[in-house]
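Trainee: Build the 3D model from these lines:
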Amino acid sequence: MQKKFSTENIKELRNKTGAGMTDCKRALEASGGQIDVAIESLRKKGLAIADKKSSRIVTEGLVESYIHSGSRIGVIVELNCETDFVARQSKFQQLAKDIAMQIAACQLVKYVSKEEIPEHVRDYEKAIEMHREDISNKPLDIRNKIAQGRLEKRLKELSLMDQNFIRQGEITVEELVKQHIALLGENIRIRRFERFVLGEGLETKDSNFSQEVSNMIANK
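Mentor: Model prediction:
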């Protein structure tokens with residue numbers, strides 16, 4: 001017997017996936033009213049659609065900024081799409097805002113995706129893992145296997161697309177973008193971003209009051 005579902009269930013599914021009302025209704029019908037099964041079905045559908053569109057050229061979009069409370073962290077991100085029409089859509093603009101906020105929250109992230117991480121960075125991170133004390137006495141092949149596994153984890157930490165979305169922890173940023181590709185019907189790509197942290201890169205001056213007074217007296 002098929003489980004019944006309500007309009008509220010359809011709305012809930014739409015809020016969780018960003019899919020259209022008709023797609024949500026069909027997914028619930030196919031799943032017998034099971035929300036979790038319907039979500040998985042819609043995500044797979046969205047990923048399939050996104051993969052088909054991923055090679056299409058994106059030359060439009062917008063540049064979004066986010067300043068965190070206290071004005072100590074700021075982010076600028078460029079999000080691209082195919083047409084100016086989609087760039088003006090509220091859902092696309094909200095996506096840009098969400099991504100900018102995500103970047104501000106993920107201090108370890110330095111690259112859009114793992115594919116963009118330079119080879120010299122990969123080599124450096126691999127070398128660090130190979131010389132960890134806890135595996136230093138293991139055979140080389142075992143050390144290499146462990147280090148490679150840890151390297152993959154490290155690369156994910158550096159990659160924005162591999163982060164869990166802060167507003168919806170069960171999906172990654174990559175899945176979030178693909179959901180919007182399916183929803184808006186165009187290829188969408190995070191092109192680049194820059195994070196600004198107040199005082200980052202500046203040397204902190206240690207203030208030694210006693211030494212300053214001694215220097216003043218000596219120079220008189």
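Trainee: Check which residues of stretch 130-145 are buried.
Mentor: Burial within stretch 130-145, assessed by neighbour count using 16 or more other Cβ atoms under 10 Å, is assigned to 130, 135, 143. Quick note: C-beta positions are derived from backbone N, CA and C, even for glycine.
Trainee: what's the first-to-last distance across it?
Mentor: 9 Å (Cα to Cα, to the nearest Å).
Trainee: Pick the one among the buried residues of stretch 130-145 closest to residue 161.
Mentor: Relative to residue 161, the closest of the buried residues of stretch 130-145 is residue 130; by Cβ to Cβ it sits at 26.1 Å.
Trainee: Next up, the contacts around the closest one.
Mentor: Each residue near residue 130 by Cβ atoms under 8 Å, 6 or more residues apart in numbering is listed here: 143-144, 147.
Trainee: gap between the most centrally placed residue in the chain and residue 201?
Mentor: Compute the mean C-alpha point of the chain, and by Cα atoms, centre = their mean the closest residue is residue 160, 3.5 Å away. Applying Cβ to Cβ, to the nearest Å, the value for residue 160 to residue 201 is 21 Å.
Trainee: immediately after the helix or strand residue 44 falls within, which helix or strand?
Mentor: Residue 44 belongs to helix 35-53 when assigned by DSSP states H and E. Next along the chain after helix 35-53, taking DSSP H and E as the criterion, comes strand 60-67.
Trainee: Against which helices or strands is that following strand packed?
Mentor: strand 73-81, helix 84-87, helix 90-105 (3 or more Cβ pairs under 8 Å, 6 or more residues apart in numbering; DSSP states H and E).
Trainee: how about the ones you listed, which one is nearest residue 8?
Mentor: Here helix 90-105 is closest among the helices and strands packed on strand 60-67 (Cβ to Cβ), at 21.5 Å.
Trainee: picking up where we left off before, contact partners for the residue nearest to the centre of the chain?
Mentor: Residues in contact with residue 160, defined by Cβ under 8 Å, 6+ apart, are 99, 102-103, 106, 109, 111-113, 173, 190, 193.
Trainee: can you check residue 180 too?
Mentor: 18, 91-92, 95, 188.
Trainee: Between the contacts of residue 160, which sits nearest residue 6?
Mentor: Among the contacts of residue 160, and counting by Cβ to Cβ, the member closest to residue 6 is residue 173, at 31.4 Å.
Trainee: average pLDDT for the helix or strand where residue 183 lies?
Mentor: Using DSSP H and E, residue 183 maps to helix 173-184. Here helix 173-184 scores 89 as its mean pLDDT.
Trainee: I'd like to know which elements whatever helix or strand comes next after that helix is packed against.
Mentor: Of the helices and strands lying after helix 173-184 in sequence (DSSP H and E), the nearest is strand 189-197. Secondary-structure packing of strand 189-197 (3+ Cβ pairs under 8 Å, 6+ apart): strand 73-81, helix 90-105, helix 173-184.
Trainee: Does the first one pack against any helices or strands, and if so which?
Mentor: Yep, that's strand 73-81 we're talking about. strand 60-67, helix 90-105, strand 189-197.
Trainee: Can you tell me which of the ones you listed is packed in deepest?
Mentor: helix 90-105 (a mean of 18; mean count of other Cβ atoms under 10 Å).
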